[in-house]
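# from the sequence below, what's the structure:
(chains A and B)
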Amino acid sequence: MTSLGALALLVATVLTVLWVLDLVRRGRLYVGYGIVLLVLLGSVAGVTTLAPVRRFVGLGLDALYPAEPLAVVGISAVVLLLIYVLHQLSILSDRVARLTQEIALRNSRDKGPGDL
Amino acid sequence: MSETSNPSKTLVAIPAFNEAVTIAEVVGRVRRSLPDFDLLVVNDGSLDHTEDVLHGLGVATATHLCNLGYGRAIQTAVKYAHRFGYETLITLDADGQHQPEQVLALFREYEASHSDCLVGSRFVKAHDYGEAPFDRRMGMVLFSWLTFVFAGKRIYDTTSGLKAIRSSAFEALSRWHFVDFHAEALVYLSRLGFRVAEFPITVEERRAGVSMYSPLKAMVYPAKTALMVLLAVVHARYSQPRSA
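Residues are numbered from 1 along each chain as shown, chains lettered A, B, ... in the order given. Predicted coordinates:
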């Protein structure tokens, strides 16, 4: 990977990290998914920018060859799709939680508040 | 909004998940110790006989149809207090560790100090985590320092379930999402200008049931809470601060 390519990938990773953080902040992505994605993106940034890490990963995989452009595009698409799916799942989960809370509150109201 | 609270406008809320063994005793002790306060048990989708026990006790109950977790259970209590016009919400655990007899002392201090959120703290008196296991001690030190760095005030017991919360904070706590209403909630409230403080308490050993932190959850919890603490700082900038 060229220096320019590594830089571009790093910038894209940082932007994705910021996007993930914003989704978590707004409650649009469950914080647990956020942690997994941040670890994943941090790994990408580490492997992209740090030659020793790249060598270590390559040795670990026993397959030290440059990623082909299509593989980068494919992996990026998978990561973006993963974020999107988890985002939608988190929204659904949040709606279910709010609905469950509302049902609990309405049913409790029927009995009257604080009957100590 | 009045800064002092009427006991009859104070709600004691107990989140419960699979606490059939202890909940009756805890409810009984709360009723004896705090007869002037209203009581709500949030049954967080218990799979045991907690619901039946609560029905037999005739206590006001908000039942989640499925388990949403501790943070959501506390939020349901906050929403309940907000909706029914309570001035103060006091939360305590259903496992029998908190002594309801101490809640009155906490409530008096809450009134005197005009805190918006007063945390019953096991560690503020000694400023030390005593005999806690090493991993828990490290976690508590970490979150205590995070509150110091981001809230400007060190909170020694960020994981305490005993809290007194003023109605002015209900709206903020209903709006955002929290992991377990621990350090992230305290930092969020502090950054919005709410007064957060601690009051020394003692706790008893858990009598039955299991901790809500399984080994896996105990590993993930610090990462989730630390991230939410950082995001609480950012989110507070976009939120309505406490009105003077």
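
# host element of B:Glu111?
Per DSSP states H and E, B:Glu111 falls inside helix B:100-113.

# next one: the lowest-mean-pLDDT helix or strand in chain A to chain centre, how far?
Least confident helix or strand of chain A, by mean pLDDT, DSSP states H and E, is helix A:51-61 with a mean of 73. Computed by Cα atoms, centre = their mean, to the nearest Å, the separation of helix A:51-61 from the middle of its chain amounts to 23 Å.

# contact partners for the spatially most central residue of chain B?
Nearest residue to the geometric centre of chain B (Cα atoms, centre = their mean): B:Gly161, 3.8 Å. B:Gly161 is in contact with B:15, B:91-93, B:97-98, counting by Cβ atoms under 8 Å, 6 or more residues apart in numbering or on different chains. In this view, the C-beta of every residue, glycine as well, is placed from N, C-alpha and C.

# repeat that for B:Ser160.
Counted by Cβ under 8 Å, 6+ apart, B:Ser160 has contacts B:119-122, B:201.

# let's see that with 6 Å instead.
By Cβ atoms under 6 Å, 6 or more residues apart in numbering or on different chains, the residues touching B:Ser160 are B:119-121.

# likewise for B:Pro222?
Shown in contact with B:Pro222 (Cβ under 6 Å, 6+ apart): B:Gly139.

# let's see it at 8 Å
Contacts of B:Pro222 by Cβ under 8 Å, 6+ apart are B:139, B:142-143.

# how about the helix or strand hosting it: buried residues?
For B:Pro222, the element it lies in under DSSP H and E is helix B:215-238. Within helix B:215-238, the residues that count as buried by 16 or more other Cβ atoms under 10 Å in any protein chain shown are B:220-221, B:223-233, B:235-236.

# next one: that helix to chain centre, how far?
With Cα atoms, centre = their mean, you get 16 Å for helix B:215-238.

# any stretches of chain A with poor pLDDT?
The model of chain A has pLDDT under 70 over residues A:1, A:60-70, A:109-116.

# just the helices in it please.
A:3-25, A:31-49, A:51-61, A:69-111 (DSSP state H).

# same question for chain B.
Under DSSP H, chain B gives helices at B:23-33, B:50-57, B:70-83, B:100-113, B:134-151, B:170-175, B:183-191, B:215-238.

# so what's the residue nearest to the spatial centre of chain A up against?
Residue closest to the average C-alpha location in chain A (Cα atoms, centre = their mean): A:Leu37, at 3.0 Å. By Cβ under 8 Å, 6+ apart, A:Leu37 lies in contact with A:20, A:29, A:82-83, A:86.

# name only those of those residues that count as buried.
Neighbour-count burial (16+ other Cβ under 10 Å) applied to those gives A:20, A:29, A:83, A:86.

# now B:Lys153: how far from B:Thr147?
According to Cβ to Cβ, to the nearest Å, B:Lys153 and B:Thr147 sit 7 Å apart.

# where in chain B is pLDDT low?
B:1-8, B:205-216, B:244.

# can you report how many residues neighbour the residue of it found nearest chain A?
For chain B and chain A, the shortest gap (Cβ to the nearest Cβ) falls at B:Asp38, measuring 2.4 Å. Neighbourhood size, B:Asp38 [other Cβ atoms under 10 Å in any protein chain shown]: 21.
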